[in-house]
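# what follows is a predicted protein model with its sequence.
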Amino acid sequence: MRMSKYLLNTLKEVPREAETLSHQLMLRSCMIKKVAAGIYTYMPMGYRVIRKIEAIIREELNREGCIELLMPAVQPAELWQESKRWDFYGKELLRFKDRKGADFCLGPTHEEVITDVVRRELKSYRQLPLNLYQIQTKFRDEIRPRYGLMRGREFIMKDAYSFDVDDQASEKSYWSMYHAYARIFHRCGLKFRAVEADSGAIGGSYTHEFHVLADTGEDTVLSCTHCEYTANIEKAECRKPESVEHGDFLETEKRETPGKKSVEEVAEFLGVQPENLIKTMIFVAEDGTPVAVLVRGDHEVNEVKVRNFLGLNALELADEETIRAATGGPSGFSGPVGLNIRILADYAVREMENAVTGANEKDMHWLNVNPERDFKVSEYGDFRLAEEGEQCPRCEEGRYEQFKGIEVGQVFRLGTKYSESMDCRFLDENGKEKPAVMGCYGIGVGRTAAAAIEQNNDENGIIWPVNIAPFDVMILNLDVRDEDVSIAARTIEEKLEEMSFEVLYDDRDVRAGFKFKDADLIGLPLQVIVGKRGLKEGVVEVKVRRTGDREKVAPAEVPRKVVELLNSLKEQEEQRR
Ligand code: 9G3
């Protein structure tokens, strides 16, 4: 492809709204163009990457026996009313009426549609397992779309849905998709972690997220240095502390702590350590019931763990008057002593002794408070945020290491949530009618491309992993007005294309420096630099974008050198862990 004929105008500056690196680089290298908030055109350069990622996905899913189909983006409300989700989702679900006034939505996901398709086809257990997938445009009307393709409103998702005879078979489908995802992300040349994630209040069913590791990732992931255990911080378990022999409990004493609210202020004022304080947070469930959650002063409450423990869909911090009603005192001085609401306490609180707590009275704290003697805990549990460096809860040796991750894929156990509500059943070998057991599996294609950039870049621009690069080789002709140079460059271009390499030839009549900058910004794996001076010595330069290494080779040697370099890059990238 010739740059002078391609639709590829790189940008020096980008709009301020592009906060993340991948968003900036996708705009500057002309991979995407914004049409509206969260809605983009995939420009030719960007679409080549999308197609590469899709091709890898298709190969790996087809290898697992998945069957591709394509469902409509526009979905009738009736299906969402059957699954009872029509009224569950708010404005994020874009709804509209057709010319006859019938209700539709723009599909944010396709559980309802695929269950409707299968329920009409499924009769016998012999037809299962079935794993259907599509690569299709989704729409979710995010309130604040940002970061380019990372959090768009319209985006391309591969979504797959498995149907099995029972839980055991569904588990098999789940793990086969899990391993297919691992192969997909390895082949995309990405460093990733499969992360145990919070499956929401559904409980029972579990889910794994696939995170590309990148410092700019929004999610925090904890991974054990020794065993494989890796979890989203929302879910990461904490090791139960050893129970300690309790010494002598001192008498409680109420102490004035004027204006001292935070753990740090109170600890400093009283001359104790944060871990000697009991932090009391008052939450309210969706029905308004207040619940107190206690954690040690140096720990943080993990609201997702509390919400799941209580089996709630929503849980939020109580406001001032709820705190006053529930504790008798103002916020900042809450404590468990004398509290007659449900009290949950993290395991670490049980091992505390002679602790400091709020006195449920303005400017007052209790000293020498002891669990069970001075307050009753309804339930002890793992209610705190796990931290980097603490001991792994699963194995004896490891410790948590913290990563930032970008979630690019997710595998879910759905159970019979949709097959029950939408009557997707089959006759088992005894002729008994049963609901299919389902799983669903998503990959954000655009988000994978963006994550690849977040993980593969330097100060000059993008460094594409070979398998998803828009082209394999960039040829830079530094003297387009010199016939010999152009003949040499065109010969190399033809030879490489004969070998079915994808070549972008920069034939623009612009200064060399400009070409070098664009080549590094666009980030193709290899650059073949053809110039008058080099040719005089009978050589051209081959540069590896990732390392910056340059090698002088005879023009005739370039194809062999390209094969050698791309293969070794591919090998390194597919092994990245
Ligand atoms: C909606 C809207 C947003 C949504 C959903 C529904 C997320 C919704 C969860 C999933 C689960 C899996 C198949 C592919 C993998 C993920 N956001 N989810 O169901 F109506 Cl507006 O999409 N679906």
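Looks like it arrived, so ask away.

# what helix or strand does the residue in the stretch 351-500 of the chain positioned nearest to the ligand sit in?
Minimum separation of the stretch 351-500 of the chain from the ligand (CB to the nearest ligand atom) falls at Gly442, amounting to 2.6 Å. For the C-beta atoms, the positions are set from N, CA and C on the backbone; glycine is no exception. For Gly442, the host element (DSSP states H and E) is strand 437-444.

# so what does that strand touch, helix or strand wise?
Under the contact criterion of 3 or more CB pairs under 8 Å, 6 or more residues apart in numbering; DSSP states H and E, strand 437-444 touches helix 111-121, strand 154-164, helix 167-187, strand 400-415, helix 417-421.

# the ones you listed: which one's closest to Glu502?
Glu502 lies closest, by CB to CB, to one member of the helices and strands packed on strand 437-444: helix 167-187, at 17.0 Å.

# the closest one - what's its average pLDDT?
Mean pLDDT, taken over the full extent of helix 167-187, equals 97.

# quick one: contacts of it?
With contacts defined as CB atoms under 8 Å, 6 or more residues apart in numbering, helix 167-187 is touched by 56-57, 60-61, 63-64, 66, 128-129, 131, 160, 162, 164, 192, 194, 208, 210, 212, 408-409, 411, 413, 415, 437-439, 441, 443, 448, 467, 574-576.

# ok, Val485 - contacts?
Val485 neighbours (CB under 8 Å, 6+ apart): Asn477, Leu478, Asp479, Val530, Gly531, Lys532, Leu535.

# list the helices and strands the strand or helix carrying Thr448 packs on?
Following DSSP H and E, one finds Thr448 within helix 445-455. Where contact means 3+ CB pairs under 8 Å, 6+ apart, helix 445-455 is packed against helix 21-28, helix 44-63, strand 154-164, strand 207-213, strand 400-415.

# what about stretch 37-45, average pLDDT?
98.

# kindly check the end-to-end length of that stretch for me.
21 Å (CA to CA, to the nearest Å).

# buried stuff in that stretch?
Gly38, Tyr40, Tyr42, Met43, Met45 (16 or more other CB atoms under 10 Å).

# domain map for this protein?
For the chain, automatic domain parsing gives the domain ranges 16-190+409-454, 253-381, 471-576.

# one step back: deepest of the helices and strands packed on strand 437-444, which one?
Ranked by mean neighbour count, the helices and strands packed on strand 437-444 are led by strand 154-164 with a mean of 24 (mean count of other CB atoms under 10 Å).

# packing partners for it?
helix 44-63, helix 111-121, strand 130-139, helix 167-187, strand 437-444, helix 445-455.

# the residue of the stretch 251-400 of the chain found nearest the ligand: how many residues sit nearby?
Residue nearest to the ligand within the stretch 251-400 of the chain (CB to the nearest ligand atom): Asn313, separated by 13.4 Å. Using other CB atoms under 10 Å, Asn313 has 11 other residues around it.

# same deal with the one 5 residues further on?
Per other CB under 10 Å, the neighbour tally for Ala318 reads 22.

# how about Leu569?
Neighbour number of Leu569 under other CB under 10 Å is 23.

# hang on, the earlier thing: what helix or strand does the residue of the stretch 251-400 of the chain closest to the ligand sit in?
Using DSSP H and E, Asn313 falls outside every helix and strand.

# show me the contacts for the nearest residue to Arg577 once chain neighbours are set aside.
Leaving out its chain neighbours, the residue that sits closest to Arg577 by CB to CB, 6 or more residues apart in numbering is Lys191, at 6.5 Å. Residues in contact with Lys191 (CB under 8 Å, 6+ apart) are Val212, Leu213, Gln455, Arg576, Arg577.

# quick one: low-confidence parts of the stretch 301-450 of the chain?
Within the stretch 301-450 of the chain, no range satisfies pLDDT under 70.

# residues from it in reach of the ligand?
Gln410, Phe412, Cys440, Tyr441, Gly442 (CB under 6 Å from any ligand atom).

# ok, now how distant is the first one from Asp219?
Taking CB to CB, to the nearest Å as the criterion, Gln410 is separated from Asp219 by 11 Å.

# now swap in Leu427 and tell me
Distance from Leu427 to Asp219, by CB to CB: 43 Å.

# then Cys188?
Taking CB to CB, one finds Cys188 at 18 Å from Asp219.

# could you dump the helices and strands packed on strand 154-164 into TSV and include distance to Glu387?
Shown next, in TSV, are the helices and strands packed on strand 154-164 (distance: least, CB to CB, whole Å):
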stretch	distance to Glu387
helix 44-63	35
helix 111-121	36
strand 130-139	35
helix 167-187	27
strand 437-444	29
helix 445-455	24
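
# strands along the stretch 301-450 of the chain, start to end?
315-317, 342-346, 355-358, 364-369, 379-381, 400-415, 425-427, 433-435, 437-444 (DSSP state E, counting those that start in this stretch).
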